[in-house]
Every structure is written in structure tokens, then in C-alpha cells.
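Visitor: 3D model of this:
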Amino acid sequence: MMINNVKSFIVKHDNLFVGLLSIILVSGIAFRVLIVHGDEIWNFNNVYKMYNGLTIYQDSNVIVTPLFYIIGNLIFNIVGANFLVFRIYNVAIFLTLFLSMYILFKNLGITKGRAAIYISAMIMIHQSMIPSGANYNSLAMIFVIVSIIIEILRIKALNIKPEKIYKYDIYQGILFFLIFMSKQNIIVFYLIGIVISRFILNKDKMKEIKSIFISGITSVFLLIPVVMALINQGVFMDFINYAVLGIKEFGTSNIGHEIISLLEGISINLTVIIIVIVAILKSKLMNLDKDSNHIIKMLFCVAIALLGVAFPIFNKYHILLSSIVMKILLIFVLDIILIRNIFDEKTGKMVKYIIMTMLLAYMAYCGIQYVSILKEVKIKDIGYEYPYFGGIIETETQEEIDVITTYIKENDKRVVILSYQAALYMVPLKQSNGAMDLPFLGNMGKDGEDGMIEQISLLTNTQILISQEEKFWQESEKIVQYVKDNLRLIGEINKFDIYETIDD
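Guide: Numbering: from 1, shown residues only. The predicted model follows:
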């Protein structure tokens with residue numbers, strides 16, 4: 001009786017329990033990450049600059065729309081600004097993302113039990129995204145998933161009460177705005193998928209044009225105060241410079257890939273595409289209802305379009321990100337084809353028990369990670385106000401930070417670390433050198449490399465630190481070579497060569 005009561009309670013409060021499950025699985029990864037050069041510290045640095053009173057798009061070369069940074073700055077001002085809080089922000093984003101997927105699965109007609117298993121699988125598949133830290137990409141995907149849920153409700157309403165669909169168009173307008181505000185290129189690909197699916201599924205093209213217009217007007221209405229705020233802050237043209245005009249250099253200079261991840265992504269996505277096409281062609285044989293048929297087609301259009309999000313950096317992170325909806329589509333189709341029609345009750349329970357055993361084993365692994373976190377997190381002898389509080393930082397790295405930051409603080413000249421490594425030192429210094437803190441191709445605005453070289457040529461009474469290590473693949477060899485050819489080498493510190501401007 002007690003077991004049945006517990007089961008009933010869990011079923012009744014399933015969203016809460018899936019949320020707790022997500023927190024356990026995500027936290028075990030999110031907090032056990034070394035503080036190193038990478039996306040996490042770059043994003044932290046840009047939010048931290050805002051917290052310290054600096055201005056987005058002027059004091060930091062942010063190349064995406066600002067919602068992620070606005071939310072991060074708000075959290076920092078309410079709770080505190082350090083790595084512990086930033087990683088909680090990361091957990092909150094992924095918790096919301098996976099919980100949204102769970103709700104999406106339920107809206108696809110998948111039972112709560114199977115949906116919980118599927119979401120656990122999605123967490124394990126995407127676990128390698130979590131160490132990249134709180135990120136605008138994962139934030140944007142939350143709104144994409146919620147928008148897909150609204151689109152599913154709209155499809156169902158269209159088949160029952162077509163006169164009631166316009167409220168969904170307003171909801172979609174709000175979500176389109178939120179996706180755009182999180183990352184501008186994701187909304188472009190997502191809208192392509194939505195518009196194509198609308199025109200495929202509805203014979204009344206004018207009605208769909210009207211619906212899209214309503215959504216568009218809603219988005220524009222919400223966007224107007226954002227534009228006005230950027231203009232009032234005096235950063236609107238800086239926003240255009242970095243987030244719009246720098247796109248050309250970013251797209252042409254940052255094409256790269258991890259060959260294994262790229263091949264895996266291509267093979268998996270092709271397999272899904274083939275399965276879905278067969279499912280669509282054989283929909284009558286599988287007795288698919290009209291709603292399911294339309295939902296599959298909508299998801300297929302959106303999933304194909306979102307694959308473009310991986311361009312131009314075809315690494316594991318971006319390939320996983322771009323194929324989230326593709327995996328959701330695969331799960332939905334396989335659930336319809338296999339789980340609902342092939343497995344009998346006995347076999348279904350056996351499969352469920354096997355998967356639950358694997359899940360419990362994975363949760364135990366995450367528990368071990370928690371123990372490691374408590375042992376490794378470096379909070380001894382540093383205060384809560386220290387920005388790296390709550391992070392895991394190697395002794396050697398901390399010593400390098402101390403040496404470099406001391407050198408900069410005691411120097412009577414301006415010191416610029418022209419390297420992807422700059423954020424590691426700028427964070428504790430609470431200083432900013434603008435785009436020079438992350439001089440990546442495509443991150444330097446309309447004038448790109450030549451514009452950065454011009455800025456360097458105007459520097460006086462300045463020292464520039466150039467890394468002795470191998471150049472990061474997104475860095476500009478042209479800029480580094482200019483510094484070496486036109487500034488005076490005066491020494492070295494740690495793993496940096498020190499160049500100084502030749503002042504008259």
C-alpha cells in the first residue's frame with residue numbers, strides 16, 4: 001500500500017521529481033570542472049564586467065544578443081558574483097532545458113514513465129555540453145523547446161478549433177523574441193523550419209501569412225524598448241558592430257571541425273532523416289492520426305533547419321546543440337513505431353527495468369562526483385567575494401594568476417594580455433581591455449583584424465603580453481605578428497613574452 005502511495009505521489013508530482021533528477025545528474029558534472037581557458041570563463045568574464053559597472057558591447061566584445069548576460073548580471077547583483085553562483089546559473093539553465101523537454105515529450109503523447117526515461121537518456125547524451133558552463137546557446141534552446149510545445153498545441157487547435165489559433169501566434173511572437181534575444185542566429189534557422197512547416201501543413205497560405213505576421217508584430221513590439229535601451233546606453237552601434245557586422249569574418253575565418261564529432265553527427269542525423277522519411281511515407285500503414293502526422297512533419301522541418309546552428313564551428317558541442325530537436329524527433333518516431341506497437345507489456349517492463357538500472361548506476365556515479373567536488377573545490381583561505389570562489393583551480397594555475405596579476409597591478413604602464421588566456425587574469429583584476437581580452441576572428445567587429453591592428457598602433461605607454469604557447473585556432477596570426485614586428489621585446493613572465501610600445 002505504501003509503495004502504491006509513493007508511486008501515486010511521484011506520478012502526481014512528476015515535474016518536480018524529473019526536475020530533481022535533472023539537478024542531480026547535471027550538478028554532478030557542472031561543479032566538477034577545472035577553471036581553465038574556455039567558454040565558461042569567457043562568458044563569466046563578460047557577465048562579471050557588467051557586474052563591475054562596465055558596459056556590454058563597449059568594454060566586452062560580446063557577439064550575440066544580450067539576454068544571457070542581462071540575466072547573469074541580475075543574478076550576480078542579487079546573490080553574489082563568483083564561480084559558485086555562475087555554475088548554479090548553469091545548472092538552472094540545463095534544469096529548465098531538460099524539464100522543458102520532458103513537458104514536450106508529454107505533449108507528444110508519451111507516457112510519464114517513458115518520458116522520464118527518455119529525458120534521462122537526453123541528459124546522458126548531452127552531458128559533454130554541461131562543462132562549457134552557463135551559455136547563451138543552451139538558454140536559447142529552452143525557448144526553442146517551449147516554442148515547439150506551443151506549435152504542437154497550435155497544430156492540435158488548428159485541427160479542432162482553427163478560429164482559436166491566433167492566441168498561439170502571440171505566444172510564439174513572445175518566444176521568437178526571447179530566442180532572438182538569447183542568440184540571433186538560432187532564431188533565423190528556427191524560423192526557417194517553422195515557416196516551411198506551416199506552408200507544408202496548411203493549404204490556406206494566406207491564413208499562415210497572417211499568423212506569421214501577428215507573431216512578427218508581437219516580436220517587434222517587444223524589441224522596440226530593447227533597441228531604445230541600447231541607444232540610451234550609447235551602445236547600439238557597438239552592438240551592430242559586434243553582433244551583426246562581424247558575422248562575415250566569423251563565418252569565413254572560424255570554419256573548423258572535430259572530425260570524429262562531425263562524422264558522428266552526419267551519420268546520426270542521416271539515420272534519423274531516413275527513419276523519419278520512411279515513417280512519413282508509411283504513416284497510413286502505422287495508423288498515425290492527423291495530429292501525429294503533422295507534428296512529425298513540423299519537427300522534421302525544424303530539426304533539419306536547426307542543423308545550421310553548428311556552422312561554422314563543427315565541434316562536439318555545436319553538433320550536439322544543433323541536433324537536440326533531431327533527437328527528440330527520433331525518440332518520438334521510435335516511440336510510435338516500436339514502443340507503442342511492438343513491445344508487449346511484459347517486454348516493455350523488462351526494457352524499462354534495464355534502463356532504470358542503468359540510470360541508477362549513472363546517478364551513483366554522479367554521487368561519487370559530489371564527493372570529489374567537496375574534496376577538490378578550492379575555497380580555503382579565500383572569501384566569497386573572490387570571483388573564483390566555488391571553482392576547482394589547480395595550484396599551478398593559481399600561482400600563475402598571482403604572478404601575472406601582481407605584475408599588472410605594480411606596473412606603471414598599461415598591460416594588455418592579447419590572448420584567449422586574458423580572462424583568467426582580468427577577472428580577479430576587475431579590469432577590461434575590450435576586444436583585446438578575447439581577440440578571436442569574428443569577435444572584433446566590422447573591421448576585424450585590420451581594425452584591431454589599428455587600435456594597437458595607437459597604443460602608447462603600454463605593454464602587451466603574447467603567449468609563448470601554440471596559438472589558439474581562433475586567434476589571429478596576423479595580429480600577433482604585427483605586435484612582434486612593431487613593438488619592442490623586453491622580457492618574459494611565466495608563459496608570456498612582454499612587448500612594449502616604442503614611444504617617441
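
Visitor: who touches stretch 119-126?
Guide: 18, 21-22, 25-26, 98, 101-102, 105, 320, 324, 327-328, 331, 355, 359, 362 (Cβ atoms under 8 Å, 6 or more residues apart in numbering). No exception for glycine: its C-beta is placed from N, CA and C like everyone else's.

Visitor: for the residue nearest the centre of the chain, what are its contacts?
Guide: For the chain, the residue sitting closest to the mean C-alpha position, by Cα atoms, centre = their mean, is Asn137 at 2.2 Å. By Cβ under 8 Å, 6+ apart, the residues touching Asn137 are 183, 186, 309, 317-318, 321.

Visitor: One more pass at 10 Å, please.
Guide: 39, 64, 68, 93, 129, 182-183, 185-186, 309, 317-318, 321-322 (Cβ atoms under 10 Å, 6 or more residues apart in numbering).

Visitor: Could I have the buried ones of these as ChimeraX selection syntax?
Guide: A single ChimeraX command selects the buried members of those (16 or more other Cβ atoms under 10 Å):
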select :64,68,93,129,182,183,185,186,309,317,318,321,322
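
Visitor: Closest to Asp238 out of the contacts of Asn137?
Guide: Ranked by distance to Asp238 (Cβ to Cβ), the contacts of Asn137 are led by Val64 at 13.3 Å.

Visitor: Make sure I have this right: the closest one is in a strand.
Guide: No. Counting by DSSP: H, G, I helix; E, B strand; the rest coil, Val64 is located in no strand; its state is coil.

Visitor: nearest spatial neighbour of it, skipping sequence neighbours?
Guide: Lys183 (4.9 Å; Cβ to Cβ, 6 or more residues apart in numbering).

Visitor: if I look at the one you found, how far off is His37?
Guide: Computed as Cβ to Cβ, to the nearest Å, the Lys183 to His37 distance reads 22 Å.

Visitor: what about the nearest residue to Lys430 once chain neighbours are set aside, how many residues close to it?
Guide: Excluding its sequence neighbours, the residue lying closest to Lys430 (Cβ to Cβ, 6+ apart) is Asn52, at 5.0 Å. For Asn52, the neighbour count with other Cβ atoms under 10 Å is 16.

Visitor: One more: the one 10 residues further on?
Guide: Residue neighbour count, defined by other Cβ under 10 Å, stands at 27 for Val62.

Visitor: quick one, phi/psi of it?
Guide: phi -70, psi 130 (degrees, to the nearest 10).

Visitor: okay but Ile493 is in contact with Ile466, surely?
Guide: No. Using Cβ atoms under 10 Å, Ile493 is not in contact with Ile466, being 11.1 Å away.

Visitor: With neighbour numbers in mind, choose between these two.
Guide: Ile466 (21 against 16).

Visitor: Can you tell me the closest non-neighbouring residue to the more buried one?
Guide: Using Cβ to Cβ, 6+ apart, the nearest residue to Ile466 is Asp497, at 5.0 Å.

Visitor: doesn't the one you found fall inside a strand?
Guide: Yes. Counting by three-state DSSP, Asp497 is found in a strand.

Visitor: residues contacting it?
Guide: Taking Cβ under 10 Å, 6+ apart as the test, what Asp497 contacts is 464-468, 483-484, 487, 489-491.

Visitor: Specify the beta-bridge partners of it.
Guide: Ile466, Glu492 (DSSP bridges).

Visitor: residues contacting Ala243?
Guide: Counting by Cβ under 10 Å, 6+ apart, Ala243 makes contact with 57, 61-66, 183-185, 445.

Visitor: Same question for Phe236.
Guide: Counting by Cβ under 10 Å, 6+ apart, Phe236 has contacts 57, 226-230.

Visitor: at 8 Å instead, please
Guide: Phe236 neighbours (Cβ under 8 Å, 6+ apart): 227, 230.

Visitor: quick one: it from Tyr190, how far?
Guide: In terms of Cβ to Cβ, Phe236 sits 25 Å off from Tyr190.

Visitor: next one: Ile123
Guide: 22 Å.

Visitor: and those two? which has more neighbours close in?
Guide: More crowded of Ile123 and Tyr190, by other Cβ under 10 Å: Tyr190, with 26 against 22.
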